[in-house]
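1. For reference, the sequence and a predicted model appear below.
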Number of protein chains: 2
Amino acid sequence: MTTSESADDRVAMRLDEVDALVRRALTRHGADEPNAAAVARTITAAERDVCESHGLFRLPGYVASLKSGKVRGDARPCLSRPAPAVIGVDAGGGFAPLALAEGHEPLVALARETGIAALAIRDVYHFAALWPEVEAIAEAGLVGFACTAATPMVAPAGGTRPFYGTNPIAFGCPRRAASPMVFDQASAAMARGDVMIHARDGQPVPEGVGIGPDGEPTTDPEAVLAGAQLAFGGYKGASIAMMVEILAGAVVGEAFSFQAGERGPRDGGPPVGGEFLLAIDPGRFGHGTDWIDRAETFFQALLAQPGTRLPGARRHEVRAHSLAHGVRIRRALHETCTALANA
Amino acid sequence: MTTSESADDRVAMRLDEVDALVRRALTRHGADEPNAAAVARTITAAERDVCESHGLFRLPGYVASLKSGKVRGDARPCLSRPAPAVIGVDAGGGFAPLALAEGHEPLVALARETGIAALAIRDVYHFAALWPEVEAIAEAGLVGFACTAATPMVAPAGGTRPFYGTNPIAFGCPRRAASPMVFDQASAAMARGDVMIHARDGQPVPEGVGIGPDGEPTTDPEAVLAGAQLAFGGYKGASIAMMVEILAGAVVGEAFSFQAGERGPRDGGPPVGGEFLLAIDPGRFGHGTDWIDRAETFFQALLAQPGTRLPGARRHEVRAHSLAHGVRIRRALHETCTALANA
C-alpha cells in the first residue's frame, strides 16, 4: 500500500464522490442501478479502509468484464433453500456485491434459527476483498467465515505451476463495545492485487512470494505473475488453499480454480466461480448468551501481551480518518476512472 | 518420526496387541471399559498409521491424568440438540474418544438432514490427532472439519510469550474409489508432540519453529519448550490459531488456551477444553449428487502436476503395511507401557 509518489500525485475525494464515480462508470458500461450501487459500496469501502488493491484500482477490470459481455450488469440474484441450514444464491452471472447484499439478511436470520448456516453463491464474479461480507455478519452479532477460489495463480505443494487461486479466507467475531475482529487473508503468501501493485511500482516482492516460469524462486513481481505464486507457510498454506477449493467449488457446486481458468474471455476482470459463507450463532450452542463477554476476555488477554494487535485494527484506524477527511486517490488512477465514467 | 535407533531397539506388535495393551493400562488406572476401548482405538489407529507422536507415546499422559484424578475414567458423554443444526456433547470431564464416537453418527445424520451441522464438545480432554474424527466424517460421504485448542504454547503475532495452543485444524473430503483426502495440521509451525520427540532424541528443530525464553529465535527444542512455539507462516498462521480459539472456545462454550493453562494439575496429560466439528453434505446444496465425481476431477488435475501428492497419502501407504505386518514399537516405550499395564 506504500507508494514512492509524492502527495502531489494524488487527488482528494470525499467518499460519496468515490461512490458516485464508480456508479457512473458502471452504469455507462451496462450495469443497472442495483448492481452499480452494490459494487460502488464495495469499492468505496475499500478506499475508505485504504485497501488500495481492492478500491478504484479494480474499476477498470469491472468495466472490462461488462464490456466483454462476460458479466451481466443486470443480473438478479435468485435465492433458494436447498436444505434447512443452507441458503443458495444463483447470482445469474453477475458481480458478487448484489448477491452478497441480498443473501446477508437471510443468512443471519437462518443462523439465529439453526445455530449455524451456510450461504452458497454460484455463477458469480468476485473481484473484491472478503472482509466486507464477514464484517457484516460479525456486526450482526454472529461469527462469520467466507472463502472464494479464483483462477490458477498458486502452485500446489510439491508443484511448480499455477493451480489454486490465491484463495482468501476471512473470519470474523463480534467484540463487546469495539469493532469486530475480522481477518481476511490470501492463502497465497501475497494477495494477487499486491503482487500487481508491486509490479506496477517496480518494487521487488519478498522471498517466498513466488517462483518464475522456470520454477525457480524469484523476487521479481513480473516473473511471479508469469510463473506461479506460492502459498503462505509452505505445505500448510497449500492445504488451506485446497480447503477453499473444496468449499467454494465442490460444496457450492461451482468451478474449481483450474476450471475457471479455462472459461470466459481474458478481459482483465474477475473469473466466474463460487463463494462459500458461514454464519454461526454461539448463543444457540447451549451455553447461554454471554459468549461475547467471554470472547472479549480472550481478546483482552491477547492484547495484554506487548507487541500484539488484532487483525483489522489498522483498517478501523484509517477508516475513521477517511470518514472524516475523505481519501487521496492516485492521479493516474483518478484520470482512468473519470475517463471510464465519461466514456 | 525418524529415529537414530537400530531396528534392534524395537518390539514387533500386532495391532490387536497394541489395542489390548492400552486397554489394560487404562483400566488398571481407573478407566472403565467403554472409555478404555475408545482411547485404545485412537492410540492403535495412530500406531497403525505410524503417527508416533500420537500413539503409545501418549499412554503415560493418559494414565497420569487418570491417576491425578483430573480426568474421569468413567465419564459418560451427554448429547443435546441446542439448535436445529447443532449437536452439543457434554463429555463429563472424560477423554475425547468416547465423546467423539458417540457424537459421530448423530452429527452425520443431522448434516444429511440440514446440509451443514456442528458438533460442539465441552468439558473434554483431547490428547490425540484430529484426523480420526474427520476421516470418519469423510468416510460417511461428507466434508468434515475439526479443531481444538489446548494450553498456551504458541506466541501470538507480534508477541513473544505462549498464548495459543498448537491449535490443529483437520479437514477432509471423500474421494471416488479412493481413501478420503484428510489433512490435519497444527497452526503451530510444528506439532507439540514432534517438538517433544526432537527434544527426546536430541535433534534440533528447524528455524521458525520457536523462540527461547528470551524471545530470541532458537533451534534447540528444549529452549522452544521452555519459551514459545511460533505459528506456521507468520501472522497468517497466527490468524488460523485465533480462529481455532474462537471456534473451540467461544462458539463451543469452553476455555480458551490461556484459561486452560490456568486450570488443573500439571500431570503430563491433556488440558480440559472444547472441540468444534463441522459436517457438510454438498449433496444438499442444490446442485445434484455428483459432487464427489467433480471433486475427483479436482484431485486428479492436482495429481497430474509432477511432484504433488495429497495430504494424508503417506498415512494410507503405511496403514496398509501395518494392517498386514503389525508395527514396531520402541523398546523403551514398550517397557514403559507394559509396566503401566501391569502396575
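-> Yes, it's here. Residues are numbered from 1 along each chain as shown, chains lettered A, B, ... in the order given.

2. Now do the buried residues in stretch A:125-145.
-> A:125-138, A:140-145 (16 or more other C-beta atoms under 10 Å in any protein chain shown). To be clear about C-beta, it is placed using only N, CA and C from the backbone, and glycine gets the same treatment.

3. quick one, helices of chain A?
-> Taking DSSP state H as the test, the helices found in chain A are A:15-28, A:33-48, A:59-67, A:96-114, A:131-139, A:192-201, A:221-226, A:235-245, A:257-260, A:291-303, A:313-325, A:331-342.

4. Can you lay out those helices as CSV showing mean pLDDT and distance to residue B:337?
-> CSV is the format used below for those (pLDDT from 0 to 100; distance: least, C-beta to C-beta, whole Å):
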stretch, mean pLDDT, distance to residue B:337
helix A:15-28, 98, 66
helix A:33-48, 98, 57
helix A:59-67, 96, 61
helix A:96-114, 98, 45
helix A:131-139, 97, 47
helix A:192-201, 90, 51
helix A:221-226, 97, 51
helix A:235-245, 98, 31
helix A:257-260, 92, 47
helix A:291-303, 97, 37
helix A:313-325, 94, 49
helix A:331-342, 97, 67
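
5. What's the per-residue pLDDT of residue A:175 here?
-> pLDDT, the model's per-residue confidence, is 97 for residue A:175.

6. err, residue A:29, not the other one
-> pLDDT at residue A:29 comes out at 98.

7. Return only those of the buried residues of stretch A:125-145 found close to chain B.
-> residue A:143 (C-beta under 8 Å from any C-beta of the partner chain).

8. hmm, stretch A:87-101 in reach of chain B?
-> Yes. Applying C-beta under 8 Å from any C-beta, one finds stretch A:87-101 in contact with chain B at residue A:88.

9. Same question for stretch A:311-328.
-> Yes. Contact of stretch A:311-328 with chain B (C-beta under 8 Å from any C-beta) involves residue A:311.

10. Can you tell me which residue of the stretch 151-300 of chain A sits closest to chain B?
-> residue A:233 (2.2 Å; C-beta to the nearest C-beta).

11. Do I have it right that that residue meets residue B:234?
-> Yes. With contacts counted by C-beta atoms under 8 Å, residue A:233 reaches residue B:234, the gap being 7.2 Å.

12. Looking only at neighbour counts, state which of those two leads.
-> residue A:233 (24 against 16; other C-beta atoms under 10 Å in any protein chain shown).

13. How about the contacts made by the closest residue to the more buried one other than its chain neighbours?
-> Excluding the flanking residues, the one nearest residue A:233 by C-beta to C-beta, 6 or more residues apart in numbering or on different chains is residue B:233, at 2.2 Å. Contacts for residue B:233 (C-beta atoms under 8 Å, 6 or more residues apart in numbering or on different chains) come out as A:189, A:232-234, A:236-237, B:189.

14. Distance check, residue B:233 against residue A:314.
-> Separation of residue B:233 from residue A:314 (C-beta to C-beta, to the nearest Å): 20 Å.

15. again, but for residue A:219
-> For residue A:219, the distance to residue A:314 - C-beta to C-beta - is 25 Å.

16. what about stretch A:236-247, near chain B?
-> Yes. Using C-beta under 8 Å from any C-beta, stretch A:236-247 reaches chain B at A:236-237, A:239-240, A:242-243, A:245-247.

17. What's the separation between the residue nearest to residue A:35 when sequence neighbours are not counted and residue B:14?
-> Closest residue to residue A:35 apart from its sequence neighbours, by C-beta to C-beta, 6+ apart: residue A:98 at 5.2 Å. Taking C-beta to C-beta as the measure, residue A:98 falls 61 Å from residue B:14.

18. Looking at these two, which one has more neighbours?
-> Taking neighbours as other C-beta under 10 Å, residue A:98 and residue B:14 compare with residue A:98 leading, 26 against 13.

19. Am I right that the more buried one is in contact with residue A:34?
-> Yes. Residue A:98 is in contact with residue A:34 according to C-beta under 8 Å; the separation is 5.7 Å.

20. Can you measure across stretch A:39-59, start residue to end residue?
-> 9 Å (C-alpha to C-alpha, to the nearest Å).

21. which other residues reach that stretch?
-> By C-beta under 8 Å, 6+ apart, the list of residues contacting stretch A:39-59 reads A:1, A:13, A:15, A:18-23, A:25-26, A:31, A:62, A:95-98, A:101, A:127-129, A:132, A:191, A:193-194, A:196-197, A:315, A:318-319, A:322-323, A:327, A:329, A:333-334, A:336-337, A:340.

22. buried subset of the residues you listed?
-> A:13, A:15, A:18-19, A:21-23, A:25-26, A:31, A:62, A:95-98, A:101, A:127-129, A:132, A:191, A:193-194, A:197, A:315, A:319, A:322, A:327, A:329, A:333-334, A:336-337, A:340.

23. residues near residue A:53, how many?
-> By other C-beta under 10 Å, neighbour count at residue A:53 equals 16.

24. Give me the nearest residue to it, chain neighbours excluded.
-> residue A:193 (3.0 Å).

25. now the one you found: how far from residue A:131?
-> 13 Å.

26. Same question for residue A:235.
-> When residue A:235 is compared with residue A:131 (using C-beta to C-beta), they lie 26 Å apart.

27. follow-up on the earlier one: which pair in the residues of stretch A:236-247 next to chain B has the greatest spatial separation?
-> A:236 and A:247 (16.9 Å; C-beta to C-beta).
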